[in-house]
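S.K.: Give the three-dimensional model of this entry:
(one chain, ligands or ions: 2)
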Amino acid sequence: TEPLIEIKNLDVDYGLGDEAVHAVSDVTLTLHRGEVLGLAGESGSGKSTLAYGMTRLLPPPGVVAGGEVIYHDPERGPYDVLSLTNHELREFRWAETSIVFQGAMNSLNPVHRIGTQLTDVIKAHDPRGSAQARNARARELLTLVGIPADRMDSYPHQLSGGMRQRVMIGMALALEPKVVIMDEPTTALDVVMQRQILGQLVELRERLGFSVLFITHDLSLLVEFSDRIAIMYGGRIVEQAPAKEIYTNSFHPYSAGLLGSFPALRGPKRELTGIPGSPPDLRAMPTGCAFHPRCPKSFEPCARDLPVLGVPDVPGGSDREVACWLHPVR
Ligand code: ATP
Ligand code: MG
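M.R.: Numbers count the residues shown, from 1 in each chain. Ligands and ions are numbered 1, 2, ... in the order given. Next comes the predicted model:
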């Protein structure tokens, strides 16, 4: 499959100089055309920072300190999103990438009907269209995300949390993006609702052909719905592999720990073990592998040297990457 977005050696800091906190360090990750890529990791591992950094939506004091984000534009060929002018960036954001932010469902304006909010988005994108056409499109989008079109006249408070979330997805899809980034859209919703919404997104992806970067704590959800999963720890990707591989045969002890933290949806019940200790303090990162103080398999090189992310030197390992001293890389 072809790459759509290639993140290369991305560094994102909060603050400058000595004060800088490295929230994302040397992240290299590819989102392929039409794929659902899941990004998981404990709170504070840098997932949102990566999503904001790669789209240049990072609020201050966040700064992209290095790296490239190559977008493979089907019409214009590849270019680095990080070097776009502000004008080009606006086009990119609206036309190519849509982001549904963490807690997005609360960002609907409470005093406007959802129909108005949808048509406003459509209008901002295409100011020349007629009001009638915008209205028809808004109804179509609502139907697409499973909300009856007669809900156009509802106010946000008249909808359930899940419906509000789906309205946000409808807005994200209004511009026919090539990429939908969902940053933990479902934390506030119950598990059943989470599955429904992600399932619906995956189905829409099949029909409309966009790619999805889905960010969540809930690895079991990713295992079920994504094609590939990347795992973040302390601002770095520590493992990435096809979703099935992560589930049945994860290489990094942190991935195994995360899996142990969530009950399996299917198959035999796993014991909920969780991971002892807490995520690293970015201001005082452990030496070597950042996970080593919590790792049950830590041995001599782990505290000393940082393992590089690479293709594990095992048969059939070519479609995955791991950064762990237990797994020599090619
Ligand atoms: P969660 O799962 O809780 O959403 P996350 O993986 O999305 O977590 P980020 O929000 O990307 O994590 O945060 C990564 C790190 O950057 C955290 O240690 C956080 O404290 C730090 N950070 C985030 N925003 C800022 C900021 N505005 N100023 C300083 N540090 C920040
Ligand atoms: Mg986040």
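
S.K.: any idea what sits nearest whatever residue of the stretch 201-330 of the chain ends up closest to ligand 1, other than its immediate chain neighbours?
M.R.: Relative to ligand 1, the nearest point of the stretch 201-330 of the chain is Leu282 (4.8 Å; Cβ to the nearest ligand atom). (C-beta placed from N, C-alpha, C; glycine too.) Distances taken as Cβ to Cβ, 6 or more residues apart in numbering place Val21 nearest to Leu282, at 4.7 Å, with adjacent residues excluded.

S.K.: sorry, back to before: does the residue of the stretch 201-330 of the chain closest to ligand 1 touch Glu19 like I think?
M.R.: No: applying Cβ atoms under 8 Å, one finds Leu282 not in contact with Glu19, separated by 11.8 Å.

S.K.: When these two are compared, which one has more neighbours?
M.R.: Leu282 (19 against 10; other Cβ atoms under 10 Å).

S.K.: got the contact list for the residue of the stretch 201-330 of the chain closest to ligand 1?
M.R.: For Leu282, the contact set (Cβ atoms under 8 Å, 6 or more residues apart in numbering) comprises 21-23, 44, 234-235.

S.K.: Swap in 10 Å and give it another go.
M.R.: 13-14, 20-23, 25, 44-46, 234-235, 290 (Cβ atoms under 10 Å, 6 or more residues apart in numbering).

S.K.: Just checking, which of those comes out lowest on pLDDT?
M.R.: Minimum pLDDT across the contacts of Leu282 is recorded for Gly44, with 91.

S.K.: how much space is there between that residue and ligand 1?
M.R.: Separation of Gly44 from ligand 1 (Cβ to the nearest ligand atom, to the nearest Å) stands at 4 Å.

S.K.: Contacts only, for that residue.
M.R.: 23, 232-235, 278-282.

S.K.: switch the cut-off to 6 Å
M.R.: Pro279 (Cβ atoms under 6 Å, 6 or more residues apart in numbering).

S.K.: ditto for the one 10 residues further on
M.R.: Residues in contact with Met54 (Cβ under 6 Å, 6+ apart) are 7, 69.

S.K.: Locate it within the secondary structure: which element?
M.R.: Met54 belongs to helix 47-55 when assigned by DSSP states H and E.

S.K.: hmm, that helix in reach of ligand 1?
M.R.: Yes: under the criterion of Cβ under 6 Å from any ligand atom, ligand 1 is reached by helix 47-55 at 47-49.

S.K.: So which elements touch the helix or strand following that helix?
M.R.: The helix or strand immediately downstream of helix 47-55 is strand 62-73, counting by DSSP H and E. Identification of packing neighbours for strand 62-73 by 3 or more Cβ pairs under 6 Å, 6 or more residues apart in numbering; DSSP states H and E yields strand 3-14, strand 77-80.

S.K.: Please repeat the previous calculation with a cut-off of 7 Å.
M.R.: With contacts taken as 3 or more Cβ pairs under 7 Å, 6 or more residues apart in numbering; DSSP states H and E, strand 62-73 sits against strand 3-14, helix 47-55, strand 77-80.

S.K.: Between the ones you listed, which one is closest to Gly310.
M.R.: strand 3-14 (13.7 Å; Cβ to Cβ).

S.K.: So is that closest one next to ligand 1?
M.R.: Yes: applying Cβ under 6 Å from any ligand atom, one finds strand 3-14 in contact with ligand 1 at Tyr14.

S.K.: helices or strands next to the very next helix or strand once past that strand in the packing?
M.R.: Sequence-wise, the next helix or strand downstream of strand 3-14 (DSSP H and E) is strand 21-32. Strand 21-32 sits against strand 3-14, helix 47-55, strand 211-215, strand 236-242, with contacts defined as 3+ Cβ pairs under 7 Å, 6+ apart.

S.K.: let's go with 6 Å and repeat that
M.R.: On a contact count with 3+ Cβ pairs under 6 Å, 6+ apart, strand 21-32 meets strand 3-14, helix 47-55, strand 236-242.

S.K.: how much does it deviate in direction from strand 236-242?
M.R.: If you take axes from the mean of the first three to the mean of the last three Cα atoms, to 10 degrees, strand 21-32 sits at 20 degrees to strand 236-242.

S.K.: Distance from the chain centre to strand 21-32, please.
M.R.: Centroid separation between strand 21-32 and its chain, computed with Cα atoms, centre = their mean, to the nearest Å, is 12 Å.

S.K.: cool, stretch 222-233 as well?
M.R.: Distance, centroid of stretch 222-233 to centroid of chain: 9 Å (Cα atoms, centre = their mean).
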